[in-house]
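A.B. asks: Let's see this in three dimensions:
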Amino acid sequence: MNLFMSGMLVTFCLALMALPCRAAGSDTAPAVRGRNILSNSDFAQDLQFWSRWQHGRTHPEWVIVTNLPGRLGSYNALHIANPKAVLVGVQQSVNVVSNKVYRLAGSARSMCTNDSSRIFGGRIAFYLPPQPERQLVWTSEFNDWWKRDLVFTNHVTGTALVLVHMGYGGVASTGDFTDVRLEMIE
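C.D. replies: Residues are numbered from 1 along each chain as shown. Take a look at the predicted model:
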């Protein structure tokens with residue numbers, strides 16, 4: 001390959017890297033980040049602002065915050081064990097406004113295996129009746145971070161619950177969650 005061709009190849013590759021792309025498992029095209037209205041969404045302050053949900057109340061040892069090493073330094077993640085195949089996790093109340101656009105986002109990974117034939121059952125949900133629940137669901141076991149996001153218009157002014165939990169589908173598994181966000185976009 002001559003010098004001109006290799007230069008064109010490098011320019012092409014750099015141009016591709018500059019294009020926006022979807023994260024693995026993303027439900028929507030990349031959106032401009034809005035203002036995150038969740039408190040302690042990275043679990044840097046342990047479970048402050050979060051309360052245990054469902055079987056997380058009766059089995060607090062199943063829901064802990066762990067510190068993990070990363071390329072850019074250490075970070076925290078919510079670690080949820082679910083040996084009994086029940087609903088277990090955390091929740092946070094947050095005030096939202098009708099007719100505003102929100103983005104629900106987060107990353108999850110299985111701590112058990114990388115097997116697409118096995119159900120994982122991790123979920124982040126936005127709950128504010130009477131409108132339909134909005135949710136991010138990780139259904140298969142994947143042991144690397146898998147980011148998902150969902151942009152939606154909220155139709156009720158009030159206090160919503162944001163849930164982070166395992167046990168969706170009634171399966172036993174263990175998972176980590178991080179960077180859980182509810183952003184107001186418009």
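A.B. asks: Which element, helix or strand, includes the residue nearest to the spatial centre of the chain?
C.D. replies: When Cα atoms, centre = their mean is applied to the chain, the residue found nearest the centroid is G106 (1.9 Å). Take DSSP states H and E as the rule and G106 turns out to sit in strand 101-110.
A.B. asks: The closest residue to G56 other than its chain neighbours: what's it in contact with?
C.D. replies: Of all residues not flanking G56 in the chain, V63 sits nearest, at 4.3 Å (Cβ to Cβ, 6 or more residues apart in numbering). Every residue, glycine included, has its C-beta placed from N, CA and C. Each residue near V63 by Cβ atoms under 8 Å, 6 or more residues apart in numbering is listed here: 47, 52, 56, 78-81, 88-90.
A.B. asks: Which of the three states applies to the closest residue to T157 other than its chain neighbours?
C.D. replies: Nearest residue to T157 in three dimensions, chain neighbours excluded: S98, at 4.4 Å (Cβ to Cβ, 6+ apart). Under DSSP: H, G, I helix; E, B strand; the rest coil, the three-state class of S98 is coil.
A.B. asks: One more: G70?
C.D. replies: Quick answer, by three-state DSSP: G70 is coil.
A.B. asks: name the element W53 belongs to?
C.D. replies: strand 51-54.
A.B. asks: now what about that strand, what contacts it?
C.D. replies: 60, 63, 86-92, 163, 165, 167.
A.B. asks: Hmm, R123 and V162 touching each other?
C.D. replies: No: counting by Cβ atoms under 8 Å, V162 does not reach R123; the two are 11.0 Å apart.
A.B. asks: Could you pull out the strands in the chain for me?
C.D. replies: Along the chain, the segments classed as strands by DSSP state E run 35-36, 51-54, 63-68, 75-82, 88-96, 101-110, 115-127, 134-141, 146-153, 158-166, 173-184.
A.B. asks: Quick one: buried ones out of the contacts of strand 51-54?
C.D. replies: Neighbour counting with 16 or more other Cβ atoms under 10 Å marks 63, 86-92, 163, 165, 167 as buried within the contacts of strand 51-54.
A.B. asks: between the residues you listed, which is closest to S140?
C.D. replies: Taking Cβ to Cβ as the measure, S140 sits nearest to G167 out of the buried ones among the contacts of strand 51-54, at 15.3 Å.
A.B. asks: what about that closest one, distance to Q91?
C.D. replies: 14 Å (Cβ to Cβ, to the nearest Å).
A.B. asks: same question, Y127
C.D. replies: Taking Cβ to Cβ, one finds Y127 at 9 Å from Q91.
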